[in-house]
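> quick one: sequence plus predicted model below, questions after.
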Amino acid sequence: MPEESDVTDLAVIFGLLSDPGRVRILIALLEGEMCVCDLAATTGLSESGVSHALRLLRGPRVVQVRRAGRMAYYSLADAHVRMLLDLGLTHVGHAGQERLKAVSTQ
């Protein structure tokens, strides 16, 4: 069994992934580094909403920031975050296909 602190940290990350807006931001970042205004345009969220979500996602190192002058560019923190998103999206797609098969055989 993992250490209790690791279990708690993992629960925090899954809690952050429970919000559709934050998930949209992370999916957008799968394409690469983006600034707040581009993330807002891509996700349909307000810039202030994106900024708030990014602040939450930075704490547990789900996203990272790179500053260039006055601009801040966000990206996924590492390959593990990308893998977690990829696996989650694959699982959701697979589960959706299974539901379609079940409905079509009825």
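Everything's here; your move. What you see is a predicted model; the values in this text were computed from it and never measured.

> rest of the way, CA atoms for contacts and neighbours
Will do.

> I'd like to know how many residues surround Arg61.
Using other CA atoms under 10 Å, Arg61 has 14 other residues around it.

> over to Ala11?
Ala11: 12 surrounding residues under other CA under 10 Å.

> please name the residues that touch it.
If a contact means CA atoms under 8 Å, 6 or more residues apart in numbering, then Ala11 has no contacts.

> for Ala68, see how far away Glu33 is.
Distance, Glu33 to Ala68, by CA to CA, to the nearest Å: 12 Å.

> between these two, which one's more packed in?
Applying other CA under 10 Å to Glu33 and Ala68 shows that Glu33 carries more neighbours, namely 17 against 8.

> ok, that one - contacts?
By CA under 8 Å, 6+ apart, the neighbours of Glu33 are Tyr73, Tyr74, Ser75, Leu76.

> residues in contact with stretch 17-31?
16, 39, 42-43, 45, 50, 53-54, 74-76, 82, 85.

> one more time with 7 Å, if that's ok
Leu39, Thr43, Ala53, Ser75, Leu76, Arg82 (CA atoms under 7 Å, 6 or more residues apart in numbering).

> what segments of the protein are helices?
Along the chain, counting by DSSP state H, helices occupy 4-16, 20-29, 36-43, 47-58, 79-104.

> remind me which residues of this protein are low pLDDT?
For the chain, the stretches with pLDDT under 70 are 95-97, 99-106.

> how many residues are close by the nearest residue to Met71 once chain neighbours are set aside?
Nearest in space to Met71, with sequence neighbours left out and distances taken as CA to CA, 6 or more residues apart in numbering, is Cys35 at 7.3 Å. Residues within reach of Cys35, counting by other CA under 10 Å, total 19.

> and Cys35, how far is that from Val92?
Cys35 sits at a distance of 28 Å from Val92 (criterion: CA to CA).

> rewinding a little: quick one: the contacts of stretch 17-31 as JSON lines, columns for neighbour count and distance to Leu26 too.
Shown next, in JSON lines, are these (neighbours: other CA atoms under 10 Å; distance: CA to CA, whole Å):
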{"residue": "Leu39", "neighbour count": "23", "distance to Leu26": "9"}
{"residue": "Thr43", "neighbour count": "17", "distance to Leu26": "10"}
{"residue": "Ala53", "neighbour count": "17", "distance to Leu26": "10"}
{"residue": "Ser75", "neighbour count": "21", "distance to Leu26": "8"}
{"residue": "Leu76", "neighbour count": "25", "distance to Leu26": "7"}
{"residue": "Arg82", "neighbour count": "17", "distance to Leu26": "9"}
